[in-house]
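K.L.:
one predicted model, sequence on top.
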Amino acid sequence: MAESVGAAPLRAVRLGAPDALIERKADGTILMRTAAPLGAYHGKLSEPLVRWAREAPERVFLAERSGDDGDDGVRISHVHSEGMPS
């Protein structure tokens, strides 16, 4: 459930378990890592881009404001399908 602080809405954020493994090295280095195993991930960084180009080619992928002050309301945008080779 969202709460409000002034005009800014807040939402619950899922965080990982606070079960860090700490390793102290002789040279003073401290290594910290989670005890939780790494979940499934993509083999290539481009895999999610290919997926969204197929599933939602009209959806905006990159956008930026045009103009010097970025306040003119005009956007330059590219949709997923533009990022894929033909």
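P.N.:
Yes, it's here.
K.L.:
give me the number of residues near the closest residue to E58 other than its chain neighbours?
P.N.:
Spatial nearest neighbour of E58, excluding adjacent residues (Cβ to Cβ, 6 or more residues apart in numbering): V79 at 5.5 Å. To be clear about C-beta, it is placed using only N, CA and C from the backbone, and glycine gets the same treatment. Burial measure for V79: 17 neighbouring residues, criterion other Cβ atoms under 10 Å.
K.L.:
list the contacts for V79?
P.N.:
Applying Cβ atoms under 8 Å, 6 or more residues apart in numbering to V79 gives the contacts 57-61.
K.L.:
how near is the residue lying farthest from the centre of the chain to A53?
P.N.:
Distance from the C-alpha centroid of the chain, by Cα atoms, centre = their mean, peaks at A26 (35.4 Å). According to Cβ to Cβ, to the nearest Å, A26 and A53 sit 49 Å apart.
K.L.:
do the same with F61
P.N.:
8 Å.
K.L.:
let's verify H42: helix, strand, or coil?
P.N.:
What DSSP: H, G, I helix; E, B strand; the rest coil gives for H42 is coil.
K.L.:
what is the burial count for it?
P.N.:
11.
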